[in-house]
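> Got a sequence here, can you model it:
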Amino acid sequence: MAYALPSEADEWIEEWRDQLNASEEYAEAGEGWGIGFNGDFLFEIRPDDVYDGESVYLFVALQDGECTDACRTDDPEGADWGFAFRGDYEDWKRLIRGEVGAVEGMMDGEFDLDGDMQKVLQYSQAAMVMTDNAASVDTEFEY
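The predicted structure is shown next:
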């Protein structure tokens, strides 16, 4: 079943959580992530020239190779995140389609990161696996 973004963001993020938790590769690559630090992420899909709606905020709680929670939130400041990853709708489309990687997109300036960049680079394999899992969610883009 395909999930439409942004209107079905709740269902999309739940499917991504399930795929992450089913992934042995993510469990291995994410081992140690969030131990001794807040490894939770806030993802923001920002409006751009194609999508002129409101920002979409997705929260994922990540610890030691497991996604312990995932949801859409309307209150990004109310979520206790350690990292925020932000990008325009068109860039998110490219990321989810597997056309650009998360780390590559940060380095190229397509995405912004709030949080410890060194920590993200240390776990770059986990970021790549997460991106691959996002690309495997059957997604329809509405714009």
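
> can I assume residue 39 sits in a strand?
No. Residue 39: not assigned to a strand; according to DSSP: H, G, I helix; E, B strand; the rest coil it is coil.

> The spatially most central residue of the chain in helix, strand or coil?
Centroid check for the chain by C-alpha atoms, centre = their mean gives residue 43 as the closest residue, at 5.3 Å. Secondary structure of residue 43, reduced to three states by three-state DSSP: strand.

> how about the strands in the protein?
Applying DSSP state E to the chain gives strands spanning 3-5, 41-46, 56-63, 66-73, 83-88, 111-114, 139-141.

> Only the buried residues of the fourth one, if you could.
When you say that, I think you mean strand 66-73. Across strand 66-73, burial judged by 16 or more other C-beta atoms under 10 Å covers 66-67, 70, 72-73. Heads up, the C-betas are built off the backbone N, CA and C, glycines and all.

> now swap in stretch 71-91 and tell me
Going by 16+ other C-beta under 10 Å, stretch 71-91 has these buried residues: 72-73, 76, 79, 81-91.
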